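> Take this sequence and fold it.
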Amino acid sequence: MCPSGLRPVPGEVASFGRSRRPQARVNAPCGIIPTMAYGQFSRGRTTFQAILASVRAVLVAVRVVLTILSVASVATWGAWLASGRVDKAWPERNRLEYEVRELVARYLVPTATETLPPGSITGKVHMRLPDATPSPTPERTLELAPSPSVSAQWWVTPTVAATVAPTRTALPTSTPAGTPVGTPTARLGPVSGATVLIADAEANVVESTTDSSGAFALSGVDGRRYLVAVSAPGFASVVIDHPATRDPVDRLIAWFLPGILVPWNGDVALEVVLDRQPDAPTIAPREATLVTGDPVTVRCENPVSASAERMPVDFLGLDNAGGIIWKYRPGKDEGTPVPARADNRPRPVVIAVIPAPLAISDCALAGLASAGSDVLAIILPLDTRVERDVRLVRMLIASVRQPPLPRVATSPDPQGWPGSAGQGPFILGAGHAAVHALRAVRDEQTGAIPGLILISSPVDMFAMRRHSRRVAEFPGHLTDFLTGLGPADREIGRYVRYSAQYNLSDVIPPTMIVHHRSDPTFPFAPVARYANTLARLGVPLDTMFIDDGAPGFMDDPETGRAVLGRIESFITSHLPASASDGSR
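Below is the predicted model:
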């Protein structure tokens, strides 16, 4: 019923919203008001639905963009981390990161941080002992042994010192796969004298040496993530970059966020097991076959009067691009044999690893040859291809030690190579090229190298990185190498690998160290510390630390003669018995 006497009129249709269903016909006065009201409601609802659809589309677009950005971020971060394992990629990655850090440090003011009590890292370093009762049961015969690529095991237990006393978590010993931890197949013993260290991006180091029980403590550590490096003579150096866990999710997180998290005012307990240093890859005889070119005579008066023959040397089948290897032998007149040493002993062989250019060392090497040594000089730059160049040095060492090979027709050298008796060569490393010499010597077996001579050599990459930041005029090629090597906190493993101070071997040969106390490139303090470390390990040591004159002491005739004289005496006094008895 229409109010106030209004009656519906047949034939009128009232529209309610979207409905098009025929309704009761009403007269105009009764139907006009409902029709207007429902029409306004319909338009408002349509507008609201359009706005809601737009918001939904925006939210979907935002979700798609965020998903793409998340996937791209994870992929970029993963590629960034993975590039650290690619030889051709990690130097460029580190250089890019260095430039970004320099820009941030230059234009952004560091924010003030709250000073909190530092944390610490404590623990023990163990080694594997022979199994006292090796009796594998039949059901374990098919189990796989631990992978040889795993060089250490560790267990991490962080505790907050403010509320909980520091604790130690028992380390499960190395066992074959599937063996319960309660039935270990290996025993552990302490490693004394191991070095445990961490570093920040600027190569500031916190280190500790284990005591007789294998215990160590790193105190005063800021709260953050650290890669922990552990090294010991005779053991493979390791870098601990994540807590020990079998949870795949935790392993994935640790891969994206490497490092041991040290809490402020807290302690992290580490238990580390070291494995013995594995043998270096052997050099095949053909890889060590040398061919020589035409000799030229080198005559010098400074630092000593010398006459020697110099000839280019190359490996058979290997292109050294312009002859980076040279052989020196005592000079001779045409048609006469090469003169023997004054004491009638066979001539020792010296492999000199030197920096470019050859002219700097030419007369000094000729002086060594005139004194009765056969000298092989290899010129190597210090760049991020260190391992490739170290292999070249090892190939030279193998060429000297191997029995005589059939003479190559392209070699005009009438004397052949003096390594017929298998005598090990002396190694001389000068300047930055000593990094290659030290790495090559570490990979050799006991007694393979009768003596090592270091002249103005870097022995601590951390110290050299700090020194390069303080010195205004530091050599550009060394700066480029350190930049490519990367920040010391993330690349601590590479810093340890190329630092003789931390990458010690248990077969260090007798060593002679020559260094100027005022050397502007390679500071004296790390060299003196390295000499003290060798003396503490019982290595036969001869040091010659120069106080007077300029750091380029080989340019001074008096100093140069004194240095060459000491080197000749060192070589003579450390000749192997097979070579010093005149039997050859």
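
> For the rest of this, base every contact and every neighbour count on C-alpha atoms.
Noted.

> Make sure I have this right: L504 is in a strand.
No: assigned with DSSP: H, G, I helix; E, B strand; the rest coil, L504 falls outside any strand and is coil.

> Next one: it relative to R529, how far apart?
13 Å (C-alpha to C-alpha, to the nearest Å).

> need the helices for this protein, in chain order.
Using DSSP state H, the helices found in the chain span residues 28-83, 90-107, 248-256, 358-370, 386-401, 434-442, 461-470, 476-485, 492-497, 524-536, 557-573, 577-580.

> right, and those helices - which one's nearest Y226?
helix 492-497 (9.7 Å; C-alpha to C-alpha).

> Tell me the helices and strands packed up against the closest one.
Applying 3 or more C-alpha pairs under 8 Å, 6 or more residues apart in numbering; DSSP states H and E, we find helix 492-497 packed against strand 228-231, strand 238-240, helix 461-470.

> Can you list the neighbours in contact with the first one?
Around strand 228-231, the neighbours that count as contacts under C-alpha atoms under 8 Å, 6 or more residues apart in numbering are 194-198, 237-241, 259-260, 492-493, 496, 502-504.

> please redo it, this time with the cut-off set to 10 Å
Under the contact criterion C-alpha atoms under 10 Å, 6 or more residues apart in numbering, strand 228-231 has outside partners 121, 125, 152, 193-199, 207-209, 236-242, 259-260, 270, 272-274, 489-490, 492-493, 495-497, 502-505.

> before we move on, what about the shortest one?
Applying C-alpha under 10 Å, 6+ apart, the contact partners of strand 238-240 are 150-155, 196-198, 226-232, 258-260, 270, 272-275, 491-494, 496-497.

> And those residues, which of them are buried?
Among the contacts of strand 238-240, the ones that count as buried by 16 or more other C-alpha atoms under 10 Å are 151-155, 196-198, 226-232, 258-260, 270, 272-275, 491-493, 496-497.

> L504 and R529: which is more packed in?
L504 (26 against 14; other C-alpha atoms under 10 Å).

> Excluding sequence neighbours, find me the nearest residue to that one.
If the residues on either side of it in the chain are set aside, L504 comes closest to P233, at 4.9 Å by C-alpha to C-alpha, 6 or more residues apart in numbering.

> how deep is F545 tucked in, by neighbour count?
16.

> so what's it scoring on pLDDT?
pLDDT, F545: 93.

> ok now do the residue nearest to L504, which residues does it touch?
Contacts of P233 by C-alpha under 10 Å, 6+ apart are 191-195, 276-277, 502-508, 537.

> separation between A280 and A236?
11 Å.

> Please say which of the two ends up with more neighbours.
A236 (18 against 11).

> what sits against P355?
Taking C-alpha under 10 Å, 6+ apart as the contact definition, P355 lies against 361, 377-382, 429-434.

> Among the helices of the chain, which comes closest to L116?
Set against L116 and scored by C-alpha to C-alpha, the helices of the chain come closest in helix 90-107, at 23.1 Å.

> now the spatially closest residue to A364 that is not a sequence neighbour: how far from G560?
Nearest non-adjacent residue to A364, counting by C-alpha to C-alpha, 6+ apart: P303, 6.8 Å away. To G560, P303 is 5 Å away according to C-alpha to C-alpha.

> tell me the contacts of G193?
Counted by C-alpha under 10 Å, 6+ apart, G193 has contacts 125, 208-216, 231-233, 537.

> Which one (most neighbours) among those?
Neighbour counts for these peak at V125, which has 28 neighbours (criterion: other C-alpha under 10 Å).

> all strands for the stretch 301-450 of the chain, in order.
For the stretch 301-450 of the chain, the strands defined by DSSP state E, counting those that start in this stretch cover 306-315, 325-330, 349-354, 374-379, 426-430.

> TSV for these, including mean pLDDT and mean neighbour count?
TSV is the format used below for the strands of the stretch 301-450 of the chain (pLDDT from 0 to 100; neighbours: other C-alpha atoms under 10 Å):
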stretch	mean pLDDT	mean neighbour count
strand 306-315	85	21
strand 325-330	88	25
strand 349-354	92	26
strand 374-379	91	24
strand 426-430	94	25
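
> Of these, which is nearest L129?
strand 426-430 (33.9 Å).

> and the closest one, which strands flank it?
Next to strand 426-430 in the sheet, as set by DSSP bridges, lie strand 349-354 (parallel), strand 452-455 (parallel).

> Need the contact partners of the shortest one.
When you say that, I think you mean strand 452-455. In contact with strand 452-455 (C-alpha under 10 Å, 6+ apart) are residues 350-354, 425-435, 437-438, 441, 508-516, 527, 541-544, 563, 567, 570-571.

> Buried among these? Need that as a selection in ChimeraX.
A single ChimeraX command selects the buried members of the contacts of strand 452-455 (16+ other C-alpha under 10 Å):
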select :350,351,352,353,354,425,426,427,428,429,430,431,432,433,434,435,437,438,441,508,509,510,511,512,513,514,515,516,527,541,542,563,567,570,571
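
> More neighbours: P303 and G560, which one.
The neighbour count for P303 versus G560, taken as other C-alpha under 10 Å, is higher for P303 (21 against 18).

> Isn't the more buried one up against I360?
No: taking contacts as C-alpha atoms under 10 Å, P303 lies outside contact range of I360: 11.3 Å.

> domain ranges for this protein?
Residue ranges for the domains of the chain, per automatic domain parsing: 3-62, 119-130+150-175+185-274, 285-460+499-575.

> what would those domains look like in JSON lines with distance to R101?
Formatted as JSON lines, the domains of the chain follow (distance: least, C-alpha to C-alpha, whole Å):
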{"stretch": "domain 3-62", "distance to R101": "31"}
{"stretch": "domain 119-130+150-175+185-274", "distance to R101": "10"}
{"stretch": "domain 285-460+499-575", "distance to R101": "20"}
